[in-house]
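1. The sequence isn't on hand, but the structure is:
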């Protein structure tokens, strides 16, 4: 996710959203849009649309739609942080993971060879303010 909607003042009112999910029931949340991204890979012809919503209670809903040619796949996830754990729900399947383990798995995924080859397509890396 590298785009945050501009002029967020008009979007700060929570609204009911239903994210489509081809692998189960749609994921519903009442929240605000905090990030969205549309990406097209010229190499694969894959169009990816991602949206991230946050509720007033802190829950996060993530929806991703990937389409190429005639095929399309829609997935939606609901994430909650409670007691130092991340609770992820997708299609009625739940996963509970300690925050530290989640961060470690994320770092491992980013270091994987296939993730490294597409890193430039999905991330905008900028030096920190205090770096030269």
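-> That came through, no problem. This is a predicted model, so every value here is computed, not measured.
2. tell me which element the most centrally placed residue in the chain is part of?
-> To find the centre residue of the chain, average its C-alpha atoms and take the closest one (C-alpha atoms, centre = their mean): that gives residue 62, at 4.5 Å. Residue 62 belongs to strand 60-68 when elements are defined using DSSP states H and E.
3. Point out the other helices and strands that the helix or strand following that strand packs with.
-> Downstream of strand 60-68, the first helix or strand assigned by DSSP H and E is strand 71-82. Taking 3 or more C-beta pairs under 8 Å, 6 or more residues apart in numbering; DSSP states H and E as contact, the helices and strands that strand 71-82 lies on are strand 27-41, strand 60-68, strand 85-90. To be clear about C-beta, it is placed using only N, CA and C from the backbone, and glycine gets the same treatment.
4. where in the protein is pLDDT low?
-> When the per-residue scores of the chain are filtered using pLDDT under 70, the ranges that remain are 1-11, 91, 113-132.
5. Please repeat the previous calculation with a cut-off of 90.
-> Applying pLDDT under 90 to the chain picks out residues 1-12, 23-25, 41-44, 69-70, 81-97, 99-132.
6. Show me which helix runs longest in it.
-> Scanning the chain for the helix with the most residues, using DSSP state H, yields helix 99-111.
7. how close does residue 63 get to residue 73?
-> Residue 63 sits 12 Å away from residue 73 when distances are taken as C-beta to C-beta, to the nearest Å.
8. In terms of packing, which of the two has more residues around it?
-> Taking other C-beta atoms under 10 Å, residue 63 and residue 73 do not tie; residue 63 has more neighbours (22 against 13).
9. Could you pull up the residues touching that one?
-> The contact partners of residue 63, by C-beta atoms under 8 Å, 6 or more residues apart in numbering, come to 19-21, 27, 50-51, 53, 74-77.
10. Go through those and say which is closest to residue 13.
-> When those are compared for distance to residue 13 (C-beta to C-beta), residue 53 wins out at 12.6 Å.
11. Quick check, that closest one in contact with residue 29.
-> Yes: in terms of C-beta atoms under 8 Å, residue 53 counts as a neighbour of residue 29; the distance is 5.3 Å.
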